[in-house]
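Enquirer: My questions are about this predicted structure, shown below with the sequence.
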Amino acid sequence: MTHAFYVYGAYGFAALVAAAVTLWTWADGRARRKELAALEASGIRRRSARTTDGK
Amino acid sequence: MTALLLRDLKLSIRAGGGALIGVLFFLTIVAVIPFGVGPDLALLSRIGPAIVWIGALLAALLGLDRLFQAERDDGSLDLMLMQETPLVLTVLVKCLAHWVATSLPLVIASPLLGLFMNMSETAIGATMLTLLVGSPAITFIGAVGAAVAVALPRGGLLVSILVLPLTIPVLIFGVSATYAAVEGPSPFLPPFLILMALTLFFAVIGPVAAALALRHTSD
Amino acid sequence: MTALLLRDLKLSIRAGGGALIGVLFFLTIVAVIPFGVGPDLALLSRIGPAIVWIGALLAALLGLDRLFQAERDDGSLDLMLMQETPLVLTVLVKCLAHWVATSLPLVIASPLLGLFMNMSETAIGATMLTLLVGSPAITFIGAVGAAVAVALPRGGLLVSILVLPLTIPVLIFGVSATYAAVEGPSPFLPPFLILMALTLFFAVIGPVAAALALRHTSD
Amino acid sequence: MSETSLAITKFSDLANPTRFLALAARILPWMAGFTALCFIVGLYLSFTTEGDYQQGETVRIMYVHVPAAWLAMMGYTIMSLSAVGTLVWRHPLADVSAKAAAPLGAAFTLIALVTGSLWGKPMWGTWWVWDARLTSVFVLFLMYLGLIALNRAIDDPSKAARVSAVLILVGFVNIPIIKFSVEWWNTLHQSASVLRLDGPAIDPEFLRPLLVMAVAFTALFLTLHIMAIRNEIWRRRVAAQRRLAARLASREG
Amino acid sequence: MHLEAANLAARRGEDLIFEGLSFRLESGEALVLTGKNGSGKSTLLRVVAGLLHQEKGSVSFTDSLGNTHGRVGEISHYLGHRNAMKSELTVAENLDFWRCFLGDSHGASTVSIDEAAEAVGLEGITHLPFGYLSAGQQRRFAFAKLLIAHRPVWILDEPTAALDKSGDRLFAELVEAHRCNGGIVLAATHQPLGLEGAQELRMAGFAHAGPGVWE
Amino acid sequence: MHLEAANLAARRGEDLIFEGLSFRLESGEALVLTGKNGSGKSTLLRVVAGLLHQEKGSVSFTDSLGNTHGRVGEISHYLGHRNAMKSELTVAENLDFWRCFLGDSHGASTVSIDEAAEAVGLEGITHLPFGYLSAGQQRRFAFAKLLIAHRPVWILDEPTAALDKSGDRLFAELVEAHRCNGGIVLAATHQPLGLEGAQELRMAGFAHAGPGVWE
Ligand code: HEM
Ligand SMILES: Nc1ncnc2c1ncn2[C@@H]1O[C@H](COP(=O)(O)OP(=O)(O)OP(=O)(O)O)[C@@H](O)[C@H]1O
Ligand SMILES: Nc1ncnc2c1ncn2[C@@H]1O[C@H](COP(=O)(O)OP(=O)(O)OP(=O)(O)O)[C@@H](O)[C@H]1O
Ligand SMILES: [Mg+2]
Ligand SMILES: [Mg+2]
């Protein structure tokens, strides 16, 4: 293939950035979910959760 | 409103920073560039208008970030926000005062710089004219940044980053109008008219957006 | 004293992003330049070092005038003046913090800009080196202006007259050292050594003069 | 609960963050699957179709470059729409949407810049020229970064959102500049051949993979955007609960 | 003529500071806000002045002709913690600027700058730069600002901070005069202001530190 | 240990504000400055703190070992009208900075930041940016600054401005505690500070508005 470096470079870079963004978003979500779980465990209940419990 | 204009002019002469700093910065830029391009006078005169325009653009940034921050810090902004006079008008007048205090001196000084840069008379005249018409647009765009800076603890570089990209169209048409006047073959008027249109456009958009930002940042 | 350094760095980071902002600012300036002078790569690479130096000057000047004013406005300056630690040292540390927060990122980012401006490797190296050595001088000179601004609340014009003309020699030697390294025929070392001497000179004179001015603030 | 009076009733299902979360949980797996499928098909097509007689194999770069460039602009458009939501309806979800789109837009802009650069070297013989199209995209990238920095510099999130919204809207002038730069200034860059008023002027051989990749990129963007919005909602929930906890603790103490 | 607030709620950051707050002030009445530090006095004043967006509720002003204004700020003076004066300008320049800027859209006759300076007990030093004054003198001139342009509603945040005894008296007299002319006064304070027959509103702070919309 | 001022005179602009002023404070004593606005209270405090150059006379501090310091500022805390805190930083960061910067050159043990916050009645909100606090809360934290580093002399300019009733009480207690530990306190005020057995100095202002050296 002619110009293989440029073609694969372009695809490679695009894949790299897309993967990095995906991973970052996913890891961020996981961290947030963990924090929420920790808060839940420490006894601070969500208000909405409390009201739905009440119902 | 004239009262506001006069007060801001007075302040820019008395308070720190000072109106002269823009002109001096401008001079510094023009003093340094020849060292970059070397003694090639033809080249110097060719890029002259561009350098003058870039200098004016950068010089306008100095002090712009404090345009509304200073008002917030002493509580004046609160009173301005409360008035019946439309906030847009207040912002417009403050922009005008800032322009008169910092950019107008540059416009007036630009022939001097043109001589330094070995520019022809036409080039000098064209530069001066385009600067006169185009530099208010820079101030108006900058006002948006300044209004945003009110929400920031301190202004500094961030404001310039937000503002500079928006000024690019002004720069493009300002410089190309100048070149059109000097070299041809393209006519001078179309880019010059676009420059005027840009200034008018930002004279509306800038104060409106700045007023919007100010309304939304007060606390 | 490390506490002061850290605090000042934190403050400049709170203004948004910190080092990243400096780099972004520089990138923005470099993106603006070609719109002015046109996309001619040869020309860009020639004026590259000068542009980088001007960018560094502008970045240092933005916000430098508030170096002590901000401290005065919230009363911190009073406490600093009262301490046993010599005021010169306090000023020096504040200058260092300002340099680290605004100029050092530019020094580090300058190779990137060099690439954008199509500069050769030697030119990039030389620019980086001269910036590293010369930019502290700008901060030190600016500190004097900042201190005078505090001492003379109504001396706006004086500050600009004090600061910018003094920075011109620094800029000129910085730029000409870079060109000497790139093009010859003049040797690199003499202007570079002068640049170093200037920095050392202002590293002493700047804080001493600033401390003197601060001690004599009107109230 | 605050009556965030939403003028558009159609959106009112999304108006409530809790409902948004429920919806996101339901559709995210499907969107992720769809994205993956599109990428598989798109990548297959882009490596099996023929090369261009003029551009050779490098034409394959188009299949990432062009979608990324479109998404870079679309990301900003989404931010602008959210900004309108923030300023007009003061809707908290619009704040979150604008904030979440910025890093994604920046990432896609970066892809467009770098792949364009990688295409430019073989086609134009240089990595970078300061032509209007390229520079305006570069400016877009800087604007994304500036907005991210601005958002981080203001720590009251709703204030940050409102301030950013104003700037986002002012910065929108750059989008038409990008789009029409090739027509307004004669530059090196290709002029529009797909998104034209008179229909695409491009060989279907190239159009097919391009469109599939474009759909794949869009799906990826939307998936990530929804995920990022969800993360941001969670982040604010955590902050709100932390504050509540601190307040309760100090009241007991 | 009256000022009415109905069911006000305000947020600071993400916390609801107060909720369901209502009051009504007729012409000549005064409302004094008290409460401990951080209880939301300044917040309420800023909401009334229109400087902070309320979360719920409304504030409105009905003038003597029966017209209702939604934006109370426009017919109010606001004296906050900061004096809104430039220390680089002289007192006279400062006052002159505010006199022109605030205008006198409401037809009532107002006093000149010298008279205002005399009213706050500081005639003869209006030629000094504002920054050269002592804290109490600065506060007095900030107060003089209220006299040079007429506004029916005065919103004052700790107006007597930094004032000496005679300043307190002077302040009380000026406020009484304003009330006699039919003005309305809202003031937050920690010290007795010496206003006769003023209503008092005790702020409690933190109506509700809930997680807000994010739940 | 004592603080002594002898025959002080100070000038503001061209005016002599006071002249021939002397006082002597032993360990544990307090001096309260009163007087009307512009009478020179802040000026005197700034002279004692070394922030303003006196025209005549001297201020000196003699420590418990009998050594005399000419620069009283170095062994003093100064709490002026402004709080010397950065609104961008959190309270904890602000206090931490001042703790390190002020150092604790005088060997006495001091309290931690949390303890200081508790002492001023505001534990639990040290993580907030200083700018997000109400005026009184800011003043309280400015006061907490005096507790985190030991200084034998406290120079306070209207310390209770913006404080509520409980704040006033708290302030009086903290000052009493400092005096019990042998500290010296100078305070300018318009309101009673509730300090027991404090000396009072009434400032008169404008000792002599003469043409000074030009005659
Ligand atoms: C860093 C360099 C480059 C940047 C920033 C860039 C940017 C863009 C953008 C923003 C678009 C979307 C325009 C639209 O929808 O109207 C686009 C489209 C396109 N670009 Fe680039 N580009 C770059 C380099 C290149 C190169 C080197 C080539 C090939 C020679 C190229 C070929 C194309 C083509 C064919 C399209 C599609 C046009 C259409 O069909 O509408 N680009 N590019
Ligand atoms: N920075 C200054 N420059 C020149 N003169 C000043 C300055 N600050 C104060 N003065 C003048 O000095 C005199 C004394 O001021 P000072 O601040 O000491 O008064 P004070 O007793 O603290 O009053 P207050 O109770 O209002 O705080 C005043 O008449 C004032 O006009
Ligand atoms: N700019 C701000 N951003 C976020 N929160 C704030 C801000 N200003 C004040 N707050 C918070 O809002 C609450 C109420 O503040 P407010 O200033 O209204 O109190 P206040 O009653 O005026 O108190 P003080 O008597 O101390 O002046 C405080 O708990 C404070 O922490
Ligand atoms: Mg308050
Ligand atoms: Mg005082």
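Expert: Ah, there it is. Ligands and ions are numbered 1, 2, ... in the order given.
Enquirer: ok, now which ones touch the residue in the stretch 101-250 of chain D positioned nearest to chain A?
Expert: Among the residues of the stretch 101-250 of chain D, D:Trp234 lies nearest to chain A; the distance is 3.7 Å by Cβ to the nearest Cβ. (Each C-beta comes from the backbone N, C-alpha and C, glycine too.) Listed by Cβ atoms under 8 Å, 6 or more residues apart in numbering or on different chains, the contact set of D:Trp234 reads A:29, A:32-33, A:35-36.
Enquirer: Is D:Ala107 in contact with A:Val17, as I believe?
Expert: Yes: here D:Ala107 reaches A:Val17: they are 5.4 Å apart, a contact under Cβ atoms under 8 Å.
Enquirer: between the two, which one's more packed in?
Expert: Using other Cβ atoms under 10 Å in any protein chain shown as the criterion, D:Ala107 and A:Val17 rank with D:Ala107 on top: 25 against 18.
Enquirer: Do you know the pLDDT at residue 22?
Expert: Using chain A here. The model reports A:Thr22 with a pLDDT of 95.
Enquirer: look at chain D instead
Expert: 89.
Enquirer: What helix or strand is it located in?
Expert: Here D:Ala22, judged by DSSP states H and E, is contained in helix D:17-48.
Enquirer: rewinding a little: double-check that the residue of the stretch 101-250 of chain D closest to chain A belongs to a helix.
Expert: Yes: judged by DSSP: H, G, I helix; E, B strand; the rest coil, D:Trp234 forms part of a helix.
Enquirer: Wait, a strand at E:Ser58?
Expert: Yes: E:Ser58: assigned to a strand according to three-state DSSP.
Enquirer: ok, for it, nearest residue in space, not its chain neighbours?
Expert: Sequence neighbours aside, E:Ala6 is the residue nearest to E:Ser58 in space, at 5.5 Å (criterion: Cβ to Cβ, 6 or more residues apart in numbering or on different chains).
Enquirer: Can you tell me the SS state at that neighbour?
Expert: Going by three-state DSSP: E:Ala6 is strand.
Enquirer: And the lowest mean pLDDT element among the helices and strands of chain B?
Expert: Every helix and strand in chain B was compared by mean pLDDT, DSSP states H and E; the lowest is helix B:20-37, with a mean of 79.
Enquirer: hmm, that helix touching chain E?
Expert: No: Helix B:20-37 does not reach chain E (Cβ under 8 Å from any Cβ of the partner chain); its nearest approach is 15.8 Å.
Enquirer: Kindly export that helix (C-alpha atoms) in PDB.
Expert: Listed in PDB are the C-alpha atoms of helix B:20-37, where the atom choice follows Å, rounded to 0.1, in the frame of the first residue of the first chain:
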ATOM      1  CA  LEU B  20       0.200  55.000  27.900                       C
ATOM      2  CA  ILE B  21       1.100  51.400  28.400                       C
ATOM      3  CA  GLY B  22      -0.600  50.400  25.200                       C
ATOM      4  CA  VAL B  23       1.300  52.900  23.100                       C
ATOM      5  CA  LEU B  24       4.600  51.900  24.700                       C
ATOM      6  CA  PHE B  25       3.900  48.200  24.200                       C
ATOM      7  CA  PHE B  26       3.100  49.000  20.600                       C
ATOM      8  CA  LEU B  27       6.400  50.800  20.300                       C
ATOM      9  CA  THR B  28       8.200  47.900  21.900                       C
ATOM     10  CA  ILE B  29       6.800  45.500  19.300                       C
ATOM     11  CA  VAL B  30       7.700  47.800  16.500                       C
ATOM     12  CA  ALA B  31      11.200  48.200  17.900                       C
ATOM     13  CA  VAL B  32      11.800  44.500  18.200                       C
ATOM     14  CA  ILE B  33      10.500  43.200  14.800                       C
ATOM     15  CA  PRO B  34      13.200  44.800  12.700                       C
ATOM     16  CA  PHE B  35      15.700  42.800  14.700                       C
ATOM     17  CA  GLY B  36      13.800  39.700  13.600                       C
ATOM     18  CA  VAL B  37      13.500  40.400   9.900                       C
END
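Enquirer: What parts of chain E come near chain F?
Expert: E:12-13, E:35-39, E:41-42, E:81, E:132-137, E:139-140, E:158, E:161-167, E:190-191.
Enquirer: what does the helix of greatest length in chain E rub up against?
Expert: With secondary structure taken from DSSP state H, chain E has its longest helix at helix E:165-180. Residues from elsewhere that reach helix E:165-180 (Cβ under 8 Å, 6+ apart): E:28-30, E:119-121, E:136, E:139-140, E:143, E:146-147, E:154, E:159-160, E:163, E:185, E:187, E:191, E:193-196, F:36-37, F:190.
Enquirer: Are any of those residues buried, and if so which?
Expert: Burial by neighbour count, 16 or more other Cβ atoms under 10 Å in any protein chain shown: within these this picks out E:28-30, E:119-121, E:136, E:139-140, E:143, E:146-147, E:154, E:159-160, E:163, E:185, E:187, E:191, E:193, E:195, F:36-37, F:190.
Enquirer: contacts with ligand 2 among the residues you listed, please.
Expert: Checking the buried ones among the contacts of helix E:165-180 against ligand 2 by Cβ under 6 Å from any ligand atom, the ones in range are E:136, F:37.
Enquirer: ok, back up a step: now do the least confident helix or strand of chain B: distance to the chain's middle.
Expert: Put simply, helix B:20-37 sits 16 Å off its chain's centre (Cα atoms, centre = their mean, to the nearest Å).
Enquirer: next SSE after it?
Expert: That would be, after helix B:20-37 and using DSSP H and E, helix B:41-61.
Enquirer: That following helix - what's its average pLDDT?
Expert: Mean predicted lDDT for helix B:41-61 stands at 85.
Enquirer: Just the buried positions in the helix or strand just after it, please.
Expert: The helix or strand immediately downstream of helix B:41-61 is helix B:66-73, counting by DSSP H and E. Residues of helix B:66-73 classed as buried by neighbour count (16+ other Cβ under 10 Å): B:66-72.
Enquirer: Just give me the neighbour total for E:Phe23.
Expert: E:Phe23: 18 neighbours (other Cβ under 10 Å).
Enquirer: Okay, and the beta partners of it?
Expert: Legend: beta-bridge partners of E:Phe23 under DSSP bridges are E:Ala5.
Enquirer: confidence score at it?
Expert: For E:Phe23, pLDDT reads 93.
Enquirer: Test my guess that it contacts E:Ala198.
Expert: No: if you go by Cβ under 8 Å, E:Phe23 and E:Ala198 don't touch, sitting 11.9 Å apart.
Enquirer: What's the local residue count around the residue of the stretch 1-150 of chain D found nearest ligand 5?
Expert: When scored by Cβ to the ion, the stretch 1-150 of chain D has D:Leu150 as its residue closest to ligand 5, at 39.0 Å. Counted by other Cβ under 10 Å, the residues lying close to D:Leu150 total 26.
Enquirer: same thing with D:Gly125?
Expert: 8.
Enquirer: Same question for the one 3 residues further on.
Expert: If you count neighbours by other Cβ under 10 Å, D:Trp128 ends up with 19.
Enquirer: Surely it is in a strand?
Expert: No: counting by three-state DSSP, one finds D:Trp128 to be coil, located in no strand.
Enquirer: check contacts around it.
Expert: C:116, D:117, D:120, D:134.
Enquirer: swap in E:Cys100?
Expert: Each residue near E:Cys100 by Cβ under 8 Å, 6+ apart is listed here: B:2-4.
Enquirer: And for D:Val64?
Expert: Applying Cβ under 8 Å, 6+ apart, we find D:Val64 in contact with A:10-11, A:14, D:111, D:115, D:213.
Enquirer: near chain C, which residues of chain E?
Expert: Within chain E, the positions adjacent to chain C are E:87-88, E:129, E:131 by Cβ under 8 Å from any Cβ.
Enquirer: can you pick the most crowded of the residues you listed?
Expert: E:Glu88 (20 neighbours).
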